[in-house]
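A structural model of the following input is requested.
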Amino acid sequence: MAGKVHEHQLIIAPPGRSATLAQRMPSAARTVAFDILQKVEAGGYASDLLLEAPLDPRDAGLASQIVFGVLRFRAQLDFLIEHYAGRRRKLDREVRTALRMALYQLRYLERVPAHAAVAESVELVKRARKTSAAGFVNAVLRKVDRRPVAWPSREVEWSCPEWLLARWESFYGAAAAEAIARAALREPETYLRIGTAGTRVQDIGSQAIVPLLQLQAGQRLLDLCAAPGNKTAQALESGVRVVACDRYFHRLRTMAVLGVDLVVLDGTCALPFSRPFDRILVDAPCSGTGTLGRNPEIKWRLAPVDLAHFQRRQIALLVQARALLAPGGLLVYSTCSLEREENETVLEHAASGMVVETMHRLPGRDEGDGFFAAVIKSV
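Residues are numbered from 1 along each chain as shown. Predicted structure coming up:
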């Protein structure tokens, strides 16, 4: 995992100030990366936090690389902390974050000077008011080298919780499970879609969903979970009339430029439409396990019990949508989840006997994020 990064030169203190003090100030990129990782630990999402960070493009690049690198390789980094410390230790969250950041830079990035990664991580610990741990952090990081280590388990080597690996192995086979986990360690490709509504960033897997609707000009399409609008914009290229819905107004507001009817509603409740729709898209909220390369924090915060919560909402969405499907119409149910509970089991509960086609896209086997989709036809 090598990358080209921007590194600040040491700050030269102006006359009358201590050069030593000035040189010890952590760079903006590392300071922001540290703060974002702390917020992710508290439940934030890295992509959103990075977009809000007040950084110039070069600092933003390094901050992003550190944040996503730490989240992708977290299990490996935690093992390396123990490896270089000589034993397992209970560490404050701030101390562990600083160590993870430094280890990622020292072991996985080629163009970051070692002295900068070490010195600034020590300063980040002090900045977090954990001064008593500064000596320990410095001592551990001075031992770090790039020699290979023997990972104790696949959970550590692939940096993915064992419960997820076991599920994927059961669903898709051992080779596919490994490919999914390893794909989540790579920086995802950026895909663009050029359409009549302009050019948008849209994953190649996401682009594969709308064609399943077999849209034709003049048809009425209900997009039940529409925000942020990439699939809506793609559908409009077919000349359909779209009603786009979402649970939250602030998510729909950004779609006003598309010129479609926007409705704020909870799709798990009875829908307020008197006429049926020729086509319906239910791109359901889900665990997002198909997007771990893009959203690596998901694999560390998701728990098996969460899947049942998503499933209940997904079943309710599909039941309400089916009630508005015109005779002979098509409904596409899709998720960016790899989990059977959110895909096949939802269909068994809410569309049994109506599925005419399914699609699986697996990271490591197919390009882009992982997706599931099913085409449901009304009789």
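
three-state assignment of Ala102?
The three-state assignment at Ala102 reads helix, by DSSP: H, G, I helix; E, B strand; the rest coil.

My guess is it contacts Ala117. True?
Yes. Applying Cβ atoms under 8 Å, one finds Ala102 in contact with Ala117, separated by 4.9 Å. In short, each C-beta sits where N, CA and C put it, glycine included.

Look at the two and report which has more neighbours.
Ala102 (31 against 23; other Cβ atoms under 10 Å).

show me the contacts for the more buried one.
117-118, 120-121, 137, 141, 144 (Cβ atoms under 8 Å, 6 or more residues apart in numbering).

Most neighbours among the residues you listed, which one is it?
For those, neighbours tallied by other Cβ under 10 Å; top is Ser121, 27 neighbours.

how near is the nearest residue to that residue once chain neighbours are set aside to Pro26?
The shortest distance from Ser121 to any non-neighbouring residue, by Cβ to Cβ, 6 or more residues apart in numbering, is to Ala102 (3.8 Å). Distance, Ala102 to Pro26, using Cβ to Cβ, to the nearest Å: 11 Å.

Then Ser159?
26 Å.

what does Leu347 give?
Counting by Cβ to Cβ, the gap from Leu347 to Pro26 is 51 Å.

got it, and Pro54?
From Pro54 over to Pro26 (counting by Cβ to Cβ), the distance is 15 Å.

try Leu324
55 Å.

any residues in contact with both of Ala102 and Pro26?
Glu120.

For the host helix or strand of His115, which residues meet the burial criterion?
Per DSSP states H and E, His115 falls inside helix 114-127. The neighbour-count check on helix 114-127 (16 or more other Cβ atoms under 10 Å) flags 116-127 as buried.

Tabulate those residues (TSV), appending distance to Phe73.
Shown next, in TSV, are the buried residues of helix 114-127 (distance: Cβ to Cβ, whole Å):
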residue	distance to Phe73
Ala116	19
Ala117	15
Val118	18
Ala119	22
Glu120	19
Ser121	16
Val122	21
Glu123	23
Leu124	18
Val125	20
Lys126	25
Arg127	24
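
nearest to Arg89, of the residues you listed?
Val125 (14.1 Å; Cβ to Cβ).

so who does the closest one touch?
Here Val125 is in contact with 94-95, 98, 131, 133-134, 137 (criterion: Cβ under 8 Å, 6+ apart).

still on that earlier bit, let me have the contacts of Ala102 in a markdown table, adding distance to Glu155 and pLDDT as columns.
As requested, the contacts of Ala102 are exported to a markdown table (distance: Cβ to Cβ, whole Å; pLDDT from 0 to 100):
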| residue | distance to Glu155 | pLDDT |
| --- | --- | --- |
| Ala117 | 26 | 94 |
| Val118 | 28 | 95 |
| Glu120 | 30 | 95 |
| Ser121 | 25 | 95 |
| Val137 | 25 | 96 |
| Leu141 | 24 | 96 |
| Val144 | 22 | 95 |
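
Let me know the closest of those residues to Arg361.
Nearest member of the contacts of Ala102 to Arg361, counting by Cβ to Cβ, is Ala117, at 36.7 Å.

Chain neighbours aside, what residue packs nearest to that closest one?
In space, Ala117 is closest to Gln105, 3.9 Å off (Cβ to Cβ, 6+ apart).

now swap in Arg294 and tell me
Arg294 sits nearest to Pro188 (Cβ to Cβ, 6+ apart), 5.0 Å away.

Quick check: phi and psi at the most centrally placed residue in the chain.
By Cα atoms, centre = their mean, the chain has its centre lying nearest to Asn295, at 1.6 Å. For Asn295, the backbone dihedrals (degrees, to the nearest 10) come out as phi -130, psi 70.

Quickly note the distance from it to Cys286.
Taking Cβ to Cβ, one finds Asn295 at 12 Å from Cys286.
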